[in-house]
Every structure is written in structure tokens, then in C-alpha cells.
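[1] pasting a predicted model and its sequence here:
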Amino acid sequence: MRPSTPGAAELAIAERVMAFVPDGSTLQFGIGSTPEAIAGGLTARRDLGIHTSLLGDRVLDLIECGAVTNARKGLDRGVTVAGMLVGTRRLYDYAHENPEVELRQIAYTHGASVLSRLEGFIAINSAVEVDLTGQVNAESVRGVHVGAVGGAVDFMRGAAAAPGGCSIVALPSTARDGALSRIVSKLSNGVATAPRSDVHLVATEHGVADLRGRSLRERAEQMIAIAEPAFREELTVASRDLT
């Protein structure tokens, strides 16, 4: 599986998210073009660590350019930890019999007791849509299930428990060539993959909403500010039902 080619929205999102990823962070990247674009934009960082479920070619790029060294990880120092490899032959050849790469069981890669010990752990995941309070749908498109719950919630909660940790949900503000807003008043089919309590930051190409410590009204204001401008008026009207 070759890495995706990011579009303008994904590149703009990556630019915004990079401000929240300091040197020495330990990172988890979810599946999709947006997390891949964010990984691709971190080449100037130093001493990043990797503890993730899916390890792809974009992370290998970070290793080869020296951005990822795993030198400052609280656990598994010097080692990239993942649950599986999903990439090209170049990635598989690099990992083959390489002591600096370990594939571990899900109980370890996703384990709360492990993730909470990774200082500066940042979970970077994408979503289908996010509502005005910060609830995340990452498995249903217009009422049709396209995936399962997955491990994003494990990593979000691990990041919340880790010292200096942060969970980031990154997604373009629209779908279907701008016809649909992915910042919504209500999730499609009522599917909430992650509750609002597990989300710290939501990023689109229009900005980053910091939901930490916010009331429902404040959350809605933050989310509307990062929505596509064409949908902000109707979202503002919908937000009036929030206390």
C-alpha cells in the first residue's frame, strides 16, 4: 500500500497541527490521508518517538531523515513500536530483522497502562465527521457503516492520561467537493465513535479548535470557527439548542 498524495486541505491541516507537536513527542498516527500528511510535515522535528498501531512509509520517511530517533521515549527507548506494518516493500525491507522496530500485541500497543507512561504522547487521528460538542464519528458515512470502532479511542484516552499528552482529531472541513460539511450539528445515524470527553483538539484547514475545559456553548463556538465558511451560519443556528 503506497502512501496517499495529500491535497491542499490535508497540507493546510498538517501545517496547523505541526504547531502542537514539539521535539521529543511520542506519536501515534491513525489511518488516512490526513494523518499521513501530518507525518509528512514533521521532517524538521527532532527526537520524535513512535508508538502506534499502523506503521507506514510516511513514518519511515521521518526515521530516514532523522526526525524520529525514539531517543526521548519513556518506554522502549530507541525503538519504534507498532502493531502492524502497512506500506510498501521499502518499509518491509527496512523492518526485516531490524532491532529498532518492534511489532507488539494490541494489549501492549493500545494498553492504557502503557500509553499513560509515554510522556508527551500525542494521538493523531482522523474522522468522518465531528459534531459541535466534539463527538467523533469515524465509522459511518451517511448512515452506512464503513468501519468499526478501531483503536483511536484507546489512543485518545492514553494521550489524555499521559503527562503532557494530547489527542488530536484532524479532518478536512468538507466532503463531496465541498457539498457536505464534516463539522455537523448532529452525527450521522447517531454514531459516536469517540465521546467529546476524549477529544482535546480538532483541526481542519481553517484552524484548530481547543476543546479542553470548554462549556458546550464554547465548544460550539470553537467548532463553528473551523468549519467551512459556507456552513457556519446554519451551524450557528443549530448551536442555539445547546445550553
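    Now that the structure is in, tell me what you want to look at.
[2] other residues contacting stretch 105-123?
    The contact list for stretch 105-123 (C-beta atoms under 8 Å, 6 or more residues apart in numbering) reads 20-22, 24-28, 30, 49, 51-53, 72-75, 81-83, 151-152, 154-159, 161-168. Yep, even glycine has a C-beta here, placed from its N, CA and C like the rest.
[3] next step: those residues restricted to strands.
    Mapping those onto strands (DSSP state E) picks out 26-28, 49, 81-82, 166-168.
[4] closest to residue 37 among these?
    Nearest to residue 37 out of those is residue 168 (C-beta to C-beta; 12.8 Å).
[5] settle this for me: that closest one is touching residue 194, isn't it.
    No. With contacts counted by C-beta atoms under 8 Å, residue 168 stays clear of residue 194, the gap being 11.9 Å.
[6] coming back round to it: Throw the ones in strands among the contacts of stretch 105-123 into JSON lines and include pLDDT, neighbour count and distance to residue 108, thanks.
    Supplementary listing: those in JSON lines, determined by pLDDT from 0 to 100; neighbours: other C-beta atoms under 10 Å; distance: C-beta to C-beta, whole Å:
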{"residue": "26", "pLDDT": "98", "neighbour count": "29", "distance to residue 108": "14"}
{"residue": "27", "pLDDT": "98", "neighbour count": "27", "distance to residue 108": "17"}
{"residue": "28", "pLDDT": "98", "neighbour count": "30", "distance to residue 108": "13"}
{"residue": "49", "pLDDT": "98", "neighbour count": "28", "distance to residue 108": "15"}
{"residue": "81", "pLDDT": "98", "neighbour count": "24", "distance to residue 108": "8"}
{"residue": "82", "pLDDT": "98", "neighbour count": "22", "distance to residue 108": "10"}
{"residue": "166", "pLDDT": "96", "neighbour count": "20", "distance to residue 108": "21"}
{"residue": "167", "pLDDT": "97", "neighbour count": "28", "distance to residue 108": "19"}
{"residue": "168", "pLDDT": "98", "neighbour count": "27", "distance to residue 108": "22"}
